[in-house]
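> let me see the structure of the following:
(2 chains)
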Amino acid sequence: MPFTLVRDFFLSLSQYYSSFLLPFRSSIFFFKYAHFRFLHTKHYLPNRITDTFTKKFGGLIKRRECATVESLREIYEEQFTHPGYQDFLFHSPNNKNITVFGTIDDHDYGCNNGDSTFQYSKESGLAFLNFTNEPINSPIYKRAKKGLGVYGVKVFDFDRPKGSHLVPDEEAAVDPDVKEILVNRSPTYSKKSVAIFVLDVRTNKTPWSSGMDRFKPNKEGDFLGGEQWQWFEKALSHSKATVNIIVQG
Amino acid sequence: MQVHPERHPDSEIVETWDKFPTAQQRLYDTILHSRVEAPFLISGDVHMAQLLRKDCLKPRDSLPLSSSSAKYRTLMELTTSGMTHSWGTCFIPRRHYHTSWYGPYAHFVSKNIMSFLHFVIPMPDLVISHYYNNDENGMPRFQLNYEGSFLEHGGAEGSKQGKQFTLDLNFAELEFDWDRKELIGRVFGVNLSDPPLLSARWSFDQLSGRSAFLPNSFDLSIDEWEKHFALLKDGQWMCTPVGGIANDYQVLFGQTLGIIFTTMIVSFPLFLTYFISTFILSRIFMCNRWNQRSKHNMQKKKK
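I've put the predicted structure just below:
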């Protein structure tokens, strides 16, 4: 039963060259947001390469630049109003209350191989969270608003009825930024629970070294930044889920 | 961004966590110290799907140093990326590379280059299903788990055998089998009536370090262990790819071959048109030495 519906759904979407699936069993799907839009790719090639080309050929080859707030909004709006994505969100017959959440990688971020030096890093994170309809009072959104990055954790309890697998943040008590966390409290979710940690490897990333140094590993480089490391360590220690999945870029 | 691999040294071309080794080590330590149940890594970014494994060891203070006396954990990583483009369609993700007349050529080049690199460049972290790993009698070297399933290195449900990577368009699914207490990882392609491109399953106990994984092909002498452990600070885990540590010369050799192959395959259609056109021209003008000789032979035979 599951697969027939999935297949039809998939085929109708593949005409648009973009596709999504809906979860049926107690399963979770992972897509690469960055790669499902061609539009994102205008920020694609490394600037290092295009720079040399533009110097040589002048205006012949357009230089690829990092995104602006405007272009990010346009991209996400186009994706959100995409008929395939709308179908996935609102018209899936077999699935109510899909939780879409995740984190950004360079092409959602708006800059190929992007790092903390990107000037719109905060705006980019918020644009992504608006796209995934993250509630404004959730800890993920609050952190992104402070400019710390798009990272967080959600717990899914598959013992609960279909459509309400997602455990509310305060009940799950895994995220250290949620109030009233008692460390040794017995978990309110069952043994059939999954915690998904998403980490942001872009907002706080050290830039790649330039010149010949980029061939050597950089021992001082960091992906997550101090705040996110502390958050991650605390959140992991709070988790009592049966499976813990760590997702990044 | 992939956590496990140690690939191309240029960080602008291949972004991986090992370009910042301190951060990579901290991630491993954070995950393994936290004692969470069944940790599992998911990543993307590389325009293909791969299943990766690293085995992590931590020496115990009281016991003498060897691989058997250390604490032992395995960290699996599933990489999935590319729902609209991947190495199997065309690496360059601009629409005109997929739709214009040179689309098939771009597809041919990118797909072949990447599959070649997978077999030339040592990727010890890439999981290989044990389809090929038979003993002298042609029997599987390892015992099956149950019901003939033996799936922690992939190849389940009619999926790909051998090296666990795929260049096709893909997305991943994780299914949780609560009755058997197992995690099932699948990578699907465009056509869902086909079996999944990659499929593997692990028990929660295995991922939590309570029961063993398949043995790795990583076998070091005690001297080598000591050398590696000496680099670690107190309480750090040493994570090594499932296939051992790649030799620098192997990497260099693989990359050289890769460059040669790339230049060859990019220019291959040019060579092909050259040979076909010269062949046709020689047929037309009959001024080729080879033609003359064959003519001569024919006349001889007639006589």
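> secondary structure element for B:Tyr105, which one?
Using DSSP states H and E, B:Tyr105 sits within helix B:103-120.
> hmm, that helix touching chain A?
No: Helix B:103-120 stays clear of chain A (Cβ under 8 Å from any Cβ of the partner chain), getting no nearer than 12.9 Å. (Each C-beta comes from the backbone N, C-alpha and C, glycine too.)
> for the helix or strand following that helix, give the mean pLDDT please.
Using DSSP H and E, the helix or strand that follows helix B:103-120 in sequence is strand B:165-166. Average pLDDT, strand B:165-166: 94.
> does A:Lys142 touch A:Asp169 like I think?
No: look at A:Lys142 against A:Asp169 with Cβ atoms under 8 Å: they stay out of range, at 10.8 Å.
> of those two, who's got more company?
Per other Cβ atoms under 10 Å in any protein chain shown, whichever of A:Lys142 and A:Asp169 has more neighbours is A:Asp169, with 21 against 14.
> what sits against that one?
A:138-139, A:154, A:175, A:178 (Cβ atoms under 8 Å, 6 or more residues apart in numbering or on different chains).
> how near is it to chain B?
A:Asp169 is 18 Å from chain B, where distance means Cβ to the nearest Cβ, to the nearest Å.
> surely B:Ser203 meets B:Asp179?
No: if you go by Cβ under 8 Å, B:Ser203 and B:Asp179 don't touch, sitting 11.8 Å apart.
> neighbour count winner among these two?
B:Ser203 (18 against 5).
> ok, and what's touching stretch A:229-243?
Contacts of stretch A:229-243 (Cβ under 8 Å, 6+ apart): A:143, A:151, A:153, A:155, A:173-177, A:181, A:183, A:187, A:189, A:191-195, A:197, A:199, A:224, A:244, B:26, B:30-31, B:34, B:36-38, B:40, B:176, B:183, B:204, B:207.
> buried only: go through those residues for me.
Buried by 16 or more other Cβ atoms under 10 Å in any protein chain shown: A:143, A:151, A:153, A:155, A:173-177, A:181, A:187, A:189, A:192-195, A:197, A:199, A:224, A:244, B:26, B:30-31, B:34, B:36-38, B:40, B:176, B:183, B:204, B:207, out of the contacts of stretch A:229-243.
> show me where the chain has its strands.
No chain was given, so I picked chain A. Taking DSSP state E as the criterion, chain A contains strands spanning A:27-30, A:152-157, A:166-167, A:193-199, A:243-248.
> meant chain B, my bad for not saying
Going by DSSP E, chain B shows strands at B:39-43, B:49-58, B:71-79, B:165-166, B:171-177, B:182-188, B:198-203, B:238-241.
> just the mean pLDDT for the longest one, thanks.
Confidence over strand B:49-58, taken as the mean pLDDT, stands at 90.
> and what of the last one?
Taken as a whole, strand B:238-241 has an average pLDDT of 87.
> report the longest helix in chain B, please.
Longest helix in chain B by number of residues (criterion: DSSP state H): helix B:248-285.
> that one vs helix B:103-120, what angle?
For helix B:248-285 against helix B:103-120, the angle by axes from the mean of the first three to the mean of the last three Cα atoms, to 10 degrees is 140 degrees.
> buried stuff in helix B:248-285?
Buried residues in helix B:248-285 (16+ other Cβ under 10 Å): B:251, B:254-255, B:258, B:265.
> about what we covered before: buried set for the helix holding B:Tyr105?
Neighbour count says helix B:103-120 has B:106-118, B:120 buried, by 16+ other Cβ under 10 Å.
> starting at the chain centroid, how far to it?
14 Å (Cα atoms, centre = their mean, to the nearest Å).
> how much space between the nearest residue to B:Ser110 once chain neighbours are set aside and B:Asn247?
The shortest distance from B:Ser110 to any non-neighbouring residue, by Cβ to Cβ, 6 or more residues apart in numbering or on different chains, is to B:Phe91 (4.2 Å). According to Cβ to Cβ, to the nearest Å, B:Phe91 stands 28 Å off from B:Asn247.
> which one of those two is surrounded by more residues?
B:Phe91 (20 against 11).
> residues contacting the more buried one?
B:47, B:85, B:110, B:114.
> relative to A:Val155, how far out is it?
37 Å.
> same question, B:Thr16
From B:Thr16 to A:Val155 the distance is 29 Å (Cβ to Cβ).
> what about the chain, any weak spots by pLDDT?
All of this refers to chain A. A:1-65, A:84, A:92-97, A:179-186 (pLDDT under 70).
> that's the wrong chain, I wanted chain B
Looking at chain B by pLDDT under 70, you get B:60-70, B:92-98, B:130-150, B:217-223, B:285-295, B:303.
> domains of it?
Annotated domains of chain B cover B:17-246, B:277-302 [automatic domain parsing].
> could I get those domains as TSV with distance to A:Ile98?
TSV is the format used below for the domains of chain B (distance: least, Cβ to Cβ, whole Å):
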stretch	distance to A:Ile98
domain B:17-246	14
domain B:277-302	57
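> which residues does B:Leu41 form a beta bridge with?
A:Ile246, B:Glu77 (DSSP bridges).
> quick check: the residue of the stretch 151-300 of chain B nearest chain A.
The minimum distance from the stretch 151-300 of chain B to chain A, using Cβ to the nearest Cβ, falls at B:Glu175 (4.0 Å).
> number of nearby residues for that residue?
17.
> surely it touches B:Phe188?
No: counting by Cβ under 8 Å, B:Glu175 sits too far from B:Phe188 to count as a contact (11.7 Å).
> which residues sit against stretch A:219-226?
A:116, A:148-149, A:151, A:199-201, A:203-206, A:209, A:232, A:248, B:1, B:17, B:19-23.
> only the buried subset of the residues you listed, as a PyMOL command please.
A single PyMOL command selects the buried members of the contacts of stretch A:219-226 (16+ other Cβ under 10 Å):
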select buried, (chain A and resi 148+149+151+199+200+201+203+204+205+206+209+232+248) or (chain B and resi 1+17+19+20+23)
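> out of the contacts of stretch A:219-226, which sit inside helices?
Per DSSP H, those map to helices at A:232, B:21-23.
> among the residues you listed, which two are most distant?
The distance between the two most remote of the ones in helices among the contacts of stretch A:219-226 (Cβ to Cβ) is 18.0 Å, for A:Phe232 and B:Pro21.
> show me the contacts for B:Val14.
B:7-8, B:46.
> if we use 10 Å, what do you get?
The contact partners of B:Val14, taken as Cβ atoms under 10 Å, 6 or more residues apart in numbering or on different chains, are B:1-2, B:5-8, B:45-46.
> how near is B:Ile42 to chain A?
4 Å.
> count of neighbours near the nearest residue in space to that residue that is not next to it in sequence?
In space, and not counting its chain neighbours, B:Ile42 is closest to A:Val247: 4.4 Å by Cβ to Cβ, 6+ apart. Using other Cβ under 10 Å, the number of residues around A:Val247 comes to 20.
> so how far is B:Met298 from A:Val247?
71 Å.
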